[in-house]
Structures are given as C-alpha cells and as structure tokens.
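> Model the structure of this input:
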Amino acid sequence: MAGPGNLWPPNHKFRLITLTGATDPDGDTVTITITGVTQDEVLDGLGDGDTAPDAKVASASNQVFGRAERSGLGDGRVYRIAFTGSDSNGGTCSGTAFVGVPHDEGPQRPRARRLGPDRQLVRSVAGHVLFQRRARSTGPSCCRAEP
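Numbers count the residues shown, from 1 in each chain. You can find the predicted model right below:
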C-alpha cells in the first residue's frame, strides 16, 4: 500500500511516499525495496510547471519522493512505483503501487489506480536511471501486497 494515495495540493513540491503492508505467509518480516518509478505524463509538458525530475530517492528503501504536480490540461497524473519484497529466508516477490495527483478536488477526482492500456508510462527522472536494482522472483512467494 502506498501512502499517501494522492499527492495534494499540486504545488510542484516533493512529497514523501512510503510503501507498507507487504506480508509473508509464514509471518516473516518483509523488507520492501522500491526498484523504479514511472508516470503517465511527460516530464516537462504543457501546464505542469516544467519542473524535473518528478521523483527522487529517499533514505529508506521503501520510500521515494514524488513531485505533487500534474498537467492542468489533463485529468491528473498517476505514478507507478515498482517494488520488491524480501524475507530473511531468501524469498522474494515483486509488485506495483500507484499514487495519483488529481486534476482537482471535485467529485470526478480520478483514482490513483486508474491506469489503463491507453496510458503511456515515462520514467520520472530525465537524463539518467533513478533506480538500477533489478526485480526477480526466487524461492517461494514471500509477500502479499494489501489491495
């Protein structure tokens, strides 16, 4: 689970996003490591304030900073945060969490999980790779992400 689920207000400032809630069927402690961040809007598009990068590494492996901005011409931004979970017995798994930056606070506010096949993802950092860790699954499935 990503917290917060939405970044508001869209003031172009970085907000800390924390991933939690991964569980292990055996009850082992699960360590979450963020492996990448993409978004469904271009880095410097029309109406978004032209600030980049839009994500940056935080000090803890389960945290990342996302920029609270979106294009004023669209319906809001969605960040896709890829992660791996690992336990002390060598089990690993991978998953994805979503965080939104709504266009406005009205009743038609988009949900962060709304990310259909028509939404192209772009890396949230221009010019270099933000994360180089590779996710792979080994051993028994170690974690189950909360919905």
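> So what's the residue count around Pro9?
Using other CB atoms under 10 Å, the number of residues around Pro9 comes to 12. Backbone N, C-alpha and C define where each C-beta goes, glycine included.
> do the one 10 residues further on as well
Around Leu19 sit 23 other residues, with neighbours defined as other CB under 10 Å.
> Which residue ranges of this protein form strands?
Here the chain has its strands, by DSSP state E, at 2-3, 14-19, 31-39, 55-57, 63-67, 76-86, 92-102, 122-123.
> Let's have these in CSV, adding mean pLDDT.
Shown next, in CSV, are the strands of the chain (pLDDT from 0 to 100):
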stretch, mean pLDDT
strand 2-3, 84
strand 14-19, 95
strand 31-39, 91
strand 55-57, 90
strand 63-67, 93
strand 76-86, 90
strand 92-102, 89
strand 122-123, 57
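> Pro25 is nearest to which of those strands?
Closest to Pro25 of those, according to CB to CB: strand 92-102, at 10.7 Å.
> Give the buried residues for that closest one.
Thr92, Cys93, Ser94, Gly95, Ala97, Phe98, Val99, Gly100, Val101, Pro102 (16 or more other CB atoms under 10 Å).
> Likewise for stretch 54-74?
By neighbour count on 16+ other CB under 10 Å, the buried set for stretch 54-74 is 54-55, 58, 61-62, 64-71.
> thinking Ala22 is in contact with Thr33, fair?
No - applying CB atoms under 8 Å, one finds Ala22 not in contact with Thr33, separated by 10.4 Å.
> ok so, going back, among the buried residues of stretch 54-74, which pair sits farthest apart?
Most distant of these, by CB to CB, are Ser61 and Ser71, 30.2 Å apart.
> quick one: which of the buried residues of stretch 54-74 is nearest to Asn6?
Ala68 (9.1 Å).
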